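A.B. asks: Structure for this input, please:
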Amino acid sequence: MIGGRPPVDVTLHIGSGKTGTSTIQRVLRRNPEALRAAGLLYPRTPGKLRHTALGLFVRPDDELVRHGDWLTGGYDDPVAFRRDFRRRFDREIARSGASGVVLSDEGLFSAGDRTIGRMGRLTSRLGGRVRLVVYLRRQDDHLISRYQQVVKMGEITPLTTWMQQDWVGTYDYYLRLSSWQALEPDAFVVRRFERERMVGGSLVTDFLDAADISVDEADLTHTEPRNESLGAEAIEMLRILNIYRVKHEGERPGLFGSHHHVVHLRGTDTGPVLTLPGPLLDRFMASWADANRRVAQEFLGDESGDLFRSDRKTAGTTTEQRLDPARLDHYLELLEIPEEQHAAIRRIAEKEAGRRRTVSTRAARRLFSRRLAKR
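C.D. replies: Below you'll find the predicted structure:
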């Protein structure tokens, strides 16, 4: 409790990413009156849309100063940042008179134990009940969607290289949820990111139900989520431009965006969506089978152990990540790339087009055998 004020309940939406979080955040931001009528506040101090500053506030200093959101956010001194955040956050809640706050940052899903502990101290200061809300998506579909997102944010490696990471901290959902249980929430609501299982077939209605927000979706202003999946050709073009910016403009991989290019590409047919070979994705999903079963049984009360029912997305996909250099002029014109950059970009495009981007089934087995051996 802060300053003798009544306790304030907290609804904390921790993602995970690529599960409609931006849609949820837009709805919360655009409907302050409806939330106010329900006694709730979606505060601006942690962020205009996503509560990025909240995720930074609860991270320990050594993690904070290396975090991408900190490096790209124009922040300076962690001590000053924390002091200013706490002052403005407390003041905003006090002025609102709300009995509860709704917080949302998908970056929190993969937070470590120290960050979760610091979040616990923040919620304890507010003194009310704590409700955790999280959505889970099939790991293979999530992986493919995540790659699109990181390329849009400056990633320079091809999918077959990028995916060769240790994903335990992201995709072992049982481990993630068990870590967040340390917060000892009064309610821990886990939902599957599958349209057919959502209340009313609507993400917004489902979230309102999960968050126990007494507002009718019909009374809210919002837009349907936009499908921003780009074709493999467009993603490869963005990756080539990322390489150019890293080599010729001094940018750091993964720490810059290309929203203006994405806007142009979104309205253009760029062909099938990039994915990985089926056998590789099968093995990827198999590596999380036990964790998924435990989540279904222990967090959802589903004794069948089937966490996901929806099939992997296969329609309109390709495993070839390549941009034909003959198509480069089309994209240079579409994206309005300055002519003085064309020659260097063309050299990169021709070099990348010559690389082999496929992964054999045998290579997939070797890859995941190594990953599983480390767990």
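
A.B. asks: Could I get the full set of helices for the stretch 101-250 of the chain?
C.D. replies: Along the stretch 101-250 of the chain, counting by DSSP state H, counting those that start in this stretch, helices occupy 113-126, 139-152, 159-162, 168-171, 173-180, 203-210, 232-249.

A.B. asks: Just give me the neighbour total for L143.
C.D. replies: 23 (other CB atoms under 10 Å). The C-beta positions use only the backbone N, C-alpha and C, and glycine is treated the same way.

A.B. asks: thought it was touching F284?
C.D. replies: Yes: the pair L143 / F284 is scored as a contact, 6.9 Å apart, by CB atoms under 8 Å.

A.B. asks: picking up where we left off before, same list (the helices of the stretch 101-250 of the chain) but as JSON lines, adding distance to G74.
C.D. replies: Shown next, in JSON lines, are these (distance: least, CB to CB, whole Å):
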{"stretch": "helix 113-126", "distance to G74": "21"}
{"stretch": "helix 139-152", "distance to G74": "20"}
{"stretch": "helix 159-162", "distance to G74": "27"}
{"stretch": "helix 168-171", "distance to G74": "27"}
{"stretch": "helix 173-180", "distance to G74": "29"}
{"stretch": "helix 203-210", "distance to G74": "30"}
{"stretch": "helix 232-249", "distance to G74": "18"}
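
A.B. asks: Give me the common contacts of L143 and F284.
C.D. replies: Jointly contacting L143 and F284 under the rule CB atoms under 8 Å, 6 or more residues apart in numbering are L276.

A.B. asks: about what we covered before: right, so of the helices of the stretch 101-250 of the chain, which gets closest to G20?
C.D. replies: helix 203-210 (4.6 Å; CB to CB).

A.B. asks: Show residues contacting the closest one.
C.D. replies: 13, 20, 23-24, 27, 133, 189, 191, 195, 198-200, 213, 215, 217, 220, 222, 225.

A.B. asks: let's go with 7 Å and repeat that
C.D. replies: 20, 23-24, 27, 133, 189, 191, 198-199, 215, 217, 220, 222, 225 (CB atoms under 7 Å, 6 or more residues apart in numbering).

A.B. asks: Most neighbours out of these, which is it?
C.D. replies: Going by other CB under 10 Å, I24 tops the contacts of helix 203-210 with 27 neighbours.

A.B. asks: I'd say it and L103 touch.
C.D. replies: No: the criterion here is CB atoms under 7 Å, and I24 misses it with L103 at 11.6 Å.

A.B. asks: in the stretch 151-300 of the chain, which spans are strands?
C.D. replies: 187-192, 273-274 (DSSP state E, counting those that start in this stretch).

A.B. asks: elements contacting the shortest one?
C.D. replies: Read that as strand 273-274. helix 232-249 (3 or more CB pairs under 7 Å, 6 or more residues apart in numbering; DSSP states H and E).

A.B. asks: just for this structure, where's the confidence low?
C.D. replies: Within the chain, the stretches with pLDDT under 70 are 1-4, 223-228, 356-375.

A.B. asks: Disregarding residues adjacent in the polypeptide, which is nearest to R29?
C.D. replies: Excluding the flanking residues, the one nearest R29 by CB to CB, 6 or more residues apart in numbering is L49, at 5.6 Å.

A.B. asks: Now for that neighbour, how many residues are close by?
C.D. replies: 15.

A.B. asks: Excluding covalently adjacent residues, which one is nearest to L300?
C.D. replies: Nearest to L300 is V190, by CB to CB, 6+ apart, at 5.9 Å.

A.B. asks: thought the one you found was touching G301?
C.D. replies: No: counting by CB under 7 Å, G301 is not a contact partner of V190; they are 10.0 Å apart.

A.B. asks: Those two: who's more crowded?
C.D. replies: Shown here are V190 and G301; by other CB under 10 Å, V190 has more neighbours (19 against 7).

A.B. asks: quick one, phi/psi of L40?
C.D. replies: L40 adopts backbone torsions of phi -120, psi 160, taken as degrees, to the nearest 10.

A.B. asks: Show me which positions of the longest strand that the chain contains end up buried.
C.D. replies: Across the chain, the longest stretch assigned as strand under DSSP state E is strand 127-136. Neighbour-count burial for strand 127-136, counted by 16 or more other CB atoms under 10 Å, picks out G128, R129, V130, R131, L132, V133, V134, Y135, L136.

A.B. asks: Next: stretch 110-119.
C.D. replies: Buried-residue list, stretch 110-119, by 16+ other CB under 10 Å: S110, A111, T115, I116, M119.

A.B. asks: tell me which of the residues you listed is nearest to A34?
C.D. replies: Of the buried residues of stretch 110-119, the one sitting nearest to A34 (CB to CB) turns out to be M119, at 26.4 Å.

A.B. asks: Okay, L175 and D77: tell me how far apart.
C.D. replies: 34 Å (CB to CB, to the nearest Å).

A.B. asks: between the two, who's got more neighbours?
C.D. replies: Just comparing L175 and D77: by other CB under 10 Å the higher neighbour count belongs to L175, 14 against 9.

A.B. asks: So the more buried one versus A210, what's the distance?
C.D. replies: For L175 relative to A210 (CB to CB), the value is 21 Å.

A.B. asks: Off-centre distance for stretch 337-356?
C.D. replies: On the basis of CA atoms, centre = their mean, to the nearest Å, stretch 337-356 sits 30 Å off its chain's mean C-alpha point.
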